[in-house]
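[1] pasting the sequence and the predicted model now:
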Amino acid sequence: MEIDDLTAAERRVWRAFPRGGTVDFRCAGPADDPADGADWGPERTLRASVLKALLVSGPQVEGEVPALRVAGARITGPLDLTHAVLDTPVRLAHCHFTDPPDLYGAQVRRLSLRGSSLPGLGLAGVRIEGQLQLSDCRMRGRLQLAGAQIGGALLLARASLTTDDPAKPALRLNQATIGEDLWAPELCATGEIRLNGASVAGSIELSGARLDPPQGLAVDAQKLTVDGDLMMRRGRVRGWIGLRGARIAGRLDLSYIDLAHPGDTVLRAASAVMGQLWLRQGPPVDGRVSLRHTQIDVLFLEPEKLPGTVHLESLVYTSLIPGEPAARRLPLLERDGDGYVPFAYEQLTAAYRRIGDDDAARRVQLAKQRRRRTTLAWYGRVWGVVQDVTVGYGFRPLRAGGWLLSLVAVGALVFGLCPPRPLKPSEAPGFDPVFYTLDLLLPVISFGQESAFAPDGWYQKLSYMLILAGWVLASTVVAGVARILNRQ
């Protein structure tokens with residue numbers, strides 16, 4: 001392309017390119033908003049074909065490093081750099097694009113479109129040696145980054161992503177590789193964000209993000225791999241987040257988040273592996289939470305943050321914080337959407353035992369037996385009630401002593417006032433109401449009182465009741481002891 005074919009604005013860029021100079025078309029004032037760039041005149045308009053010619057075969061000056069650095073321009077026409085190999089950095093900041101640039105499969109040293117307004121951007125399969133700067137961009141179409149390889153960070157701070165087609169995502173990063181962080185605080189998106197199979201060597205920062213997809217799916221990140229943290233603090237999400245099979249080495253932080261998907265699952269993190277999960281503070285989650293088959297080292301969970309329905313089948317965690325009494329944690333297990341899940345009670349019991357709170361661990365095990373009782377047939381439920389009332393399923397063994405003392409007191413009082421008649425007066429030992437009652441209550445111990453005396457009338461019925469009570473008490477004690485021995 002000859003310089004004589006260029007406009008005045010294009011000649012400024014052409015001359016600055018060989019030495020890497022910056023051409024800034026901006027002037028102070030509201031007219032510099034790139035969203036209104038369609039009204040910018042020819043004095044700040046550049047043809048995309050001119051920029052392509054510069055990047056592919058632009059002039060060189062010996063001893064200088066060329067670079068395309070433009071700010072505040074209106075770029076017309078499609079910037080097609082498919083499979084191009086660009087050795088120069090590209091910076092087109094605060095620009096207005098009439099057509100979506102396409103860099104499919106291109107190789108770029110560094111790319112910055114900070115603050116620009118675009119109808120879309122195609123970067124699928126692109127290879128960028130350094131960082132990709134898209135902070136403060138306003139995208140009116142898809143941001144396509146599937147399969148991209150970014151050696152540095154991907155910066156999307158305060159970016160705004162919208163799409164007119166609800167069937168297509170606003171941001172697609174499937175199978176992309178990012179060498180540093182995905183930095184997108186205060187990101188606003190009205191379409192899906194897809195991170196399926198993506199790999200991030202650093203952390204993902206989405207704190208303060210506003211995600212409002214038209215069809216319910218806010219973030220689809222199945223099999224996402226993050227070597228650092230995934231932060232979504234103080235954000236607002238209207239839709240569901242999918243993290244099935246994700247691997248997050250650091251922390252998934254959902255502190256203070258406003259997370260809502262009424263009537264449906266709002267967080268799907270089944271079969272994921274995480275270093276930590278923080279779900280605390282802020283409004284209660286509106287929607288179901290699924291953590292089935294997930295492994296978490298530290299679970300920071302505040303009970304009031306969780307919704308009415310959770311799915312905890314085969315959830316494994318090492319530590320549970322903050323320290324809460326069992327009475328605060330147990331209602332969560334009772335809201336499990338999968339019904340009675342014994343493993344969930346065992347996990348909570350183990351968490352309390354790791355911190356030495358054996359009393360809380362026993363309370364959880366007692367709650368487990370009571371919940372299990374609701375799944376049994378009627379006769380199993382009856383026997384369960386007996387075990388619960390008498391010895392608390394073996395977790396309240398002192399109750400047996402209380403019942404024994406109470407029954408002994410009743411029997412001793414009644415039989416002390418009206419002693420039974422001796423069967424053989426000449427051979428009968430002296431009557432002792434306490435040991436007579438103990439003889440009735442204890443089925444395997446004999447003090448010689450029961451066989452020597454025979455009550456009459458309703459006293460005889462009382463003796464039968466004491467004998468039956470003794471057998472029931474002994475059976476429940478044996479069952480409780482056996483349960484304790486099995487746990488040990």
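    Perfect, thanks for sending it.

[2] hey, where'd the helices end up in the stretch 251-400 of the chain?
    Assigned by DSSP state H, counting those that start in this stretch, the stretch 251-400 of the chain shows helices spanning 326-334, 342-354, 358-373, 378-391, 398-417.

[3] could those helices be laid out in JSON lines, adding mean pLDDT and mean neighbour count?
    The C-beta positions use only the backbone N, C-alpha and C, and glycine is treated the same way. JSON lines is the format used below for those (pLDDT from 0 to 100; neighbours: other C-beta atoms under 10 Å):
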{"stretch": "helix 326-334", "mean pLDDT": "85", "mean neighbour count": "16"}
{"stretch": "helix 342-354", "mean pLDDT": "87", "mean neighbour count": "18"}
{"stretch": "helix 358-373", "mean pLDDT": "83", "mean neighbour count": "19"}
{"stretch": "helix 378-391", "mean pLDDT": "73", "mean neighbour count": "15"}
{"stretch": "helix 398-417", "mean pLDDT": "72", "mean neighbour count": "15"}
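
[4] in a markdown table: those helices, plus distance to Pro307.
    Listed next are these as a markdown table, based on distance: least, C-beta to C-beta, whole Å:
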| stretch | distance to Pro307 |
| --- | --- |
| helix 326-334 | 10 |
| helix 342-354 | 16 |
| helix 358-373 | 20 |
| helix 378-391 | 29 |
| helix 398-417 | 36 |
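
[5] how near is Pro18 to Arg11?
    For Pro18, the distance to Arg11 equals 13 Å [C-beta to C-beta, to the nearest Å].

[6] of those two, who's got more company?
    Higher neighbour count among Pro18 and Arg11: Pro18, with 18 against 14, using other C-beta atoms under 10 Å.

[7] residues touching the more buried one, list them.
    The contact partners of Pro18, by C-beta atoms under 8 Å, 6 or more residues apart in numbering, come to 58-61, 64, 66.

[8] buried subset of those residues, written for PyMOL?
    Buried residues within these, by 16 or more other C-beta atoms under 10 Å, are selected in PyMOL with:
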select buried, resi 58+66
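
[9] before we move on, back to that, between the helices of the stretch 251-400 of the chain, which gets nearest to Asp297?
    Comparison of those against Asp297 by C-beta to C-beta identifies helix 342-354 as nearest, at 11.9 Å.

[10] off-centre distance for stretch 266-274?
    Relative to its chain's centre, stretch 266-274 lies at 6 Å (C-alpha atoms, centre = their mean, to the nearest Å).

[11] ok, stretch 264-273 next?
    On C-alpha atoms, centre = their mean, the centre of stretch 264-273 falls 7 Å from that of its chain.

[12] now do the contacts for the closest residue to Pro307 other than its chain neighbours.
    Nearest residue to Pro307, sequence neighbours excluded (C-beta to C-beta, 6 or more residues apart in numbering): Val285, at 4.6 Å. Shown in contact with Val285 (C-beta under 8 Å, 6+ apart): 259-260, 266-267, 279, 305-307.

[13] gap between Val285 and Thr265?
    10 Å.

[14] so can I have JSON lines of the contacts of Pro18 showing pLDDT and secondary structure?
    Shown next, in JSON lines, are the contacts of Pro18 (pLDDT from 0 to 100; DSSP: H, G, I helix; E, B strand; the rest coil):
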{"residue": "Gly58", "pLDDT": "84", "secondary structure": "coil"}
{"residue": "Pro59", "pLDDT": "86", "secondary structure": "coil"}
{"residue": "Gln60", "pLDDT": "85", "secondary structure": "coil"}
{"residue": "Val61", "pLDDT": "84", "secondary structure": "coil"}
{"residue": "Glu64", "pLDDT": "85", "secondary structure": "coil"}
{"residue": "Pro66", "pLDDT": "91", "secondary structure": "coil"}
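
[15] determine which two of the contacts of Pro18 are furthest apart.
    Gly58 and Glu64 (11.8 Å).

[16] longest strand in the chain, by number of residues?
    strand 258-268 (DSSP state E).

[17] rounded mean pLDDT for that strand, please.
    Strand 258-268 shows a mean pLDDT of 91.

[18] quick one: buried residues of it?
    259-261, 265-268.

[19] then stretch 5-20?
    6, 9-10, 12-14, 16-18, 20.

[20] now stretch 419-427
    Pro420.

[21] and stretch 43-62, by the same measure?
    44-48, 50-55, 58.

[22] quick one: which of these is nearest to Asp181?
    The closest of the buried residues of stretch 43-62 to Asp181 turns out to be Leu55 (C-beta to C-beta; 26.9 Å).

[23] contacts for the helix or strand hosting that closest one, please.
    Under the criterion of DSSP states H and E, Leu55 resides in helix 48-57. Residues outside helix 48-57 that contact it (C-beta under 8 Å, 6+ apart): 1, 6, 10, 13-14, 17, 68, 70, 75-81, 84, 86, 88, 90, 92, 99, 101.

[24] are any of the residues you listed buried, and which?
    Buried subset of the contacts of helix 48-57 (neighbour count, 16+ other C-beta under 10 Å): 6, 10, 13-14, 17, 68, 70, 75-76, 78-81, 84, 86, 88, 90, 92, 101.

[25] just the endpoints, please. Distance across stretch 97-108?
    With C-alpha to C-alpha, to the nearest Å as the measure, stretch 97-108 spans 19 Å from end to end.

[26] which residues does the nearest residue to Phe343 once chain neighbours are set aside contact?
    Nearest non-adjacent residue to Phe343, counting by C-beta to C-beta, 6+ apart: Ser314, 5.9 Å away. When contacts are counted by C-beta under 8 Å, 6+ apart, Ser314 touches 292-294, 343.

[27] residues contacting the spatially closest residue to Leu320 that is not a sequence neighbour?
    Distances taken as C-beta to C-beta, 6+ apart place Ala351 nearest to Leu320, at 4.1 Å, with adjacent residues excluded. Taking C-beta under 8 Å, 6+ apart, we find Ala351 in contact with 317-320.

[28] output those residues as JSON lines; include the columns neighbour count and pLDDT.
    Output for the contacts of Ala351, formatted as JSON lines (neighbours: other C-beta atoms under 10 Å; pLDDT from 0 to 100):
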{"residue": "Tyr317", "neighbour count": "21", "pLDDT": "91"}
{"residue": "Thr318", "neighbour count": "13", "pLDDT": "90"}
{"residue": "Ser319", "neighbour count": "13", "pLDDT": "89"}
{"residue": "Leu320", "neighbour count": "20", "pLDDT": "89"}
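
[29] export these to JSON lines and tack on distance to Pro420?
    Output for the contacts of Ala351, formatted as JSON lines (distance: C-beta to C-beta, whole Å):
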{"residue": "Tyr317", "distance to Pro420": "60"}
{"residue": "Thr318", "distance to Pro420": "62"}
{"residue": "Ser319", "distance to Pro420": "61"}
{"residue": "Leu320", "distance to Pro420": "58"}
